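Visitor: Got a predicted structure plus its sequence, pasted below:
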Amino acid sequence: MERRLKLLVVILGMLMIWYYAQMLVYAEVLFILERLSSSF
């Protein structure tokens, strides 16, 4: 039981990190698109 709980915590942590990375990439793309559209 203890090991399964630890595994669950590790998986949740990895999911959170992956989700956060996706959000950062999305924000970066939006920022670049905004800069490009304002320069034209």
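Guide: Everything's here; your move. Numbering: from 1, shown residues only.
Visitor: Burial check on Val10, number of neighbours?
Guide: For Val10, the tally of surrounding residues (other C-beta atoms under 10 Å) stands at 10. Yep, even glycine has a C-beta here, placed from its N, CA and C like the rest.
Visitor: how far does the helix or strand where it lies sit from the chain's center?
Guide: Counting by DSSP states H and E, the element that carries Val10 is helix 2-39. How far helix 2-39 lies from its chain's middle: 0 Å, per C-alpha atoms, centre = their mean, to the nearest Å.
Visitor: repeat for stretch 27-40
Guide: Averaged over its C-alpha atoms, stretch 27-40 has a centre that lies 20 Å from its chain's centre (C-alpha atoms, centre = their mean).
Visitor: CA atoms only for it, dumped as PDB, please.
Guide: Extracted in PDB, the C-alpha atoms of stretch 27-40 (Å, rounded to 0.1, in the frame of the first residue of the first chain):
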ATOM      1  CA  ALA A  27       1.700  31.400 -23.100                       C
ATOM      2  CA  GLU A  28       5.000  31.800 -25.000                       C
ATOM      3  CA  VAL A  29       3.300  31.100 -28.400                       C
ATOM      4  CA  LEU A  30       0.500  33.600 -27.600                       C
ATOM      5  CA  PHE A  31       3.100  36.200 -26.700                       C
ATOM      6  CA  ILE A  32       5.100  35.700 -29.900                       C
ATOM      7  CA  LEU A  33       1.900  35.800 -32.000                       C
ATOM      8  CA  GLU A  34       0.900  39.100 -30.300                       C
ATOM      9  CA  ARG A  35       4.300  40.600 -31.000                       C
ATOM     10  CA  LEU A  36       4.100  39.500 -34.600                       C
ATOM     11  CA  SER A  37       0.600  40.800 -35.200                       C
ATOM     12  CA  SER A  38       1.500  44.200 -33.600                       C
ATOM     13  CA  SER A  39       4.600  44.600 -35.700                       C
ATOM     14  CA  PHE A  40       2.700  44.300 -39.000                       C
END
